[in-house]
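> Predicted model and sequence follow; I will ask about them next.
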Amino acid sequence: MFNTQKIIGNLVGVGIFLALTPNVALSQIEHEVEMPASAGEQTSQFQKIEQPLGLKIAVALGGLGLIGAELWWFMFSKTKSQKAQVERGIQSVDILVDGGYNPDRIEVRAGEPVKLNFFRKDPSSCLEQVLLPDFNKALDLTLNQTTSIEIVPEKPGEYNFTCGMNMYRGVIKAEATEVSQG
Ligand SMILES: [Cu+2]
């Protein structure tokens, strides 16, 4: 299955690595220059490898470009939110746990019970627990099983749920129910 979150994770790593590389190279060169003359002949074993300035700039710009692309991804490519299904008066949502939460934005009606059905497909221990801090609840997920929890978002607003290490997140958007219905 296409795993966007892991790809993003790798991109972040590569971007940071590329952005830091020129600085690391520079600091190494400075360090060698600072070595005392008393080191004698041993110093001559070190050869300064001067990278062309153009290459350094290109690498730095490449890194910055990747970081920019990541930021864009996080800010503008949000996944679609999903409305809870109402079954026998209870709103319920099936959430697939696989490299994150799908859907990760859930629309519900405030003041009514919501049943979240987490199906954990991802074996990584990172996702074995779901925390709902606003409801003081923690949920252990069994692999390849559905684990359900019921909550009541009393007030309209956004309620987060995260993995045990706060790496993967989802949000429950509770909207005010219309009072006009008789
Ligand atoms: Cu985690």
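All right, it came through fine.

> can you list the domains in this protein?
Listed by automatic domain parsing, the domain ranges of the chain are 4-76, 82-175.

> same question for the last one, mean pLDDT?
Which is domain 82-175. For domain 82-175, mean pLDDT rounds to 96.

> ranking the domains of the chain by burial, who's on top?
domain 82-175 (a mean of 16; mean count of other C-beta atoms under 10 Å). C-beta: built from backbone N, CA, C; applies to glycine.

> wait, does it contact the ion?
Yes - with C-beta under 5 Å from the ion as the criterion, the ion is reached by domain 82-175 at C126, C163, M165, M167.

> Can you give me the end-to-end span of that domain?
From its first residue to its last, domain 82-175 covers 13 Å (C-alpha to C-alpha, to the nearest Å).

> Phi, psi for the nearest residue to K83 once chain neighbours are set aside please.
Nearest non-adjacent residue to K83, counting by C-beta to C-beta, 6 or more residues apart in numbering: E107, 4.6 Å away. The phi/psi pair for E107 (degrees, to the nearest 10) reads phi -100, psi 130.

> E107 contacts Q82, correct?
Yes - the criterion here is C-beta atoms under 8 Å, and E107 meets it with Q82 at 6.9 Å.

> This protein: strands as residue ranges?
82-83, 85-87, 90-97, 101-102, 105-109, 114-120, 129-132, 137-140, 146-151, 157-163, 169-175 (DSSP state E).

> quick one: E178 from V86, how far?
As judged by C-beta to C-beta, to the nearest Å, E178 and V86 stand 14 Å apart.

> got it, and L53?
63 Å.

> Also C126?
32 Å.

> can you check L61 too?
51 Å.

> same thing with V171?
Taking C-beta to C-beta, one finds V171 at 20 Å from V86.

> Equivalent analysis for I149, please.
17 Å.

> For the nearest residue to V97 once chain neighbours are set aside, which residues are in contact?
Distances taken as C-beta to C-beta, 6+ apart put R120 closest to V97, at 4.3 Å, once the chain neighbours are dropped. Residues near R120 by C-beta atoms under 8 Å, 6 or more residues apart in numbering: V97, D98, L127, E128, L141, T142, L143, N144, Q145, T147.

> one more time with 6 Å
For R120, the contacting residues are V97, L141, L143, by C-beta atoms under 6 Å, 6 or more residues apart in numbering.

> The first one and N117 touch, don't they?
This points to V97. No - assessed by C-beta atoms under 6 Å, V97 is found out of contact with N117, at 10.4 Å.

> picking that back up, the residue nearest to K83 reaches I172, doesn't it?
No - between E107 and I172 there is no contact, the gap being 8.1 Å when judged by C-beta under 6 Å.
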